[in-house]
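Undergrad: Next input, structure requested:
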Amino acid sequence: MRIGLLTNSFVWAGMKDLGQIADWAVENGFEDLEVGPSIGLDEDVFKSIIDGGRIAVSALIYCRNFLSGDRLEAEGHRTALKERIEFASRYCDRFPQWKQP
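TA: Below is the predicted model of the structure:
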């Protein structure tokens, strides 16, 4: 079993830099990052972390209210979710842990 860390647990403290979060996670014994919606999808940052080999990105999380009564809010959440899915699909070959077994 691998132990992961959801990056959004750092956002309340103002830390949104995925590199800093990855460094802290490695120093504290974590093996995987689950990247939440407060972290931008920057390919270079993801590649740097993964190529560094110290920690894996095991999931892209997007937990928001897709059924909000506010139509614009709900549409915004659906759009953001699609962006994360598209990001993952474009870079699956570069991030082997995202491939289906």
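Undergrad: Tell me which other helices or strands the helix ranked longest in the chain touches.
TA: Identified as the longest helix of the chain according to DSSP state H is helix 71-91. If you count contacts as 3 or more CB pairs under 8 Å, 6 or more residues apart in numbering; DSSP states H and E, helix 71-91 packs onto helix 43-52, strand 56-60. Heads up, the C-betas are built off the backbone N, CA and C, glycines and all.
Undergrad: list the buried ones in it?
TA: Judged by neighbour count (16 or more other CB atoms under 10 Å), helix 71-91 contains these buried residues: 77, 81, 84, 87, 91.
Undergrad: can you list contacts of that helix?
TA: 37, 41, 43, 46, 60, 62, 64-68, 95, 98 (CB atoms under 8 Å, 6 or more residues apart in numbering).
Undergrad: and the angle from it to helix 43-52?
TA: Counting by axes from the mean of the first three to the mean of the last three CA atoms, to 10 degrees, helix 71-91 points 50 degrees away from the direction of helix 43-52.
Undergrad: The residue nearest to the spatial centre of the chain: what's it in contact with?
TA: With distances taken as CA atoms, centre = their mean, residue 35 lies nearest the centre of the chain, 2.1 Å away. Neighbour list for residue 35: 7, 18, 57, 59-61 [criterion: CB under 8 Å, 6+ apart].
Undergrad: Same list, the contacts of helix 71-91, but as CSV with pLDDT and distance to residue 11 please.
TA: Putting the contacts of helix 71-91 into CSV (pLDDT from 0 to 100; distance: CB to CB, whole Å) gives the following:
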residue, pLDDT, distance to residue 11
37, 91, 9
41, 91, 15
43, 88, 21
46, 90, 17
60, 88, 15
62, 89, 14
64, 90, 14
65, 90, 17
66, 89, 20
67, 91, 23
68, 92, 20
95, 60, 22
98, 59, 23
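Undergrad: pLDDT score for the residue lying closest to residue 25 once chain neighbours are set aside?
TA: Distances taken as CB to CB, 6 or more residues apart in numbering place residue 5 nearest to residue 25, at 4.8 Å, with adjacent residues excluded. You'll see residue 5 listed with a pLDDT of 88.
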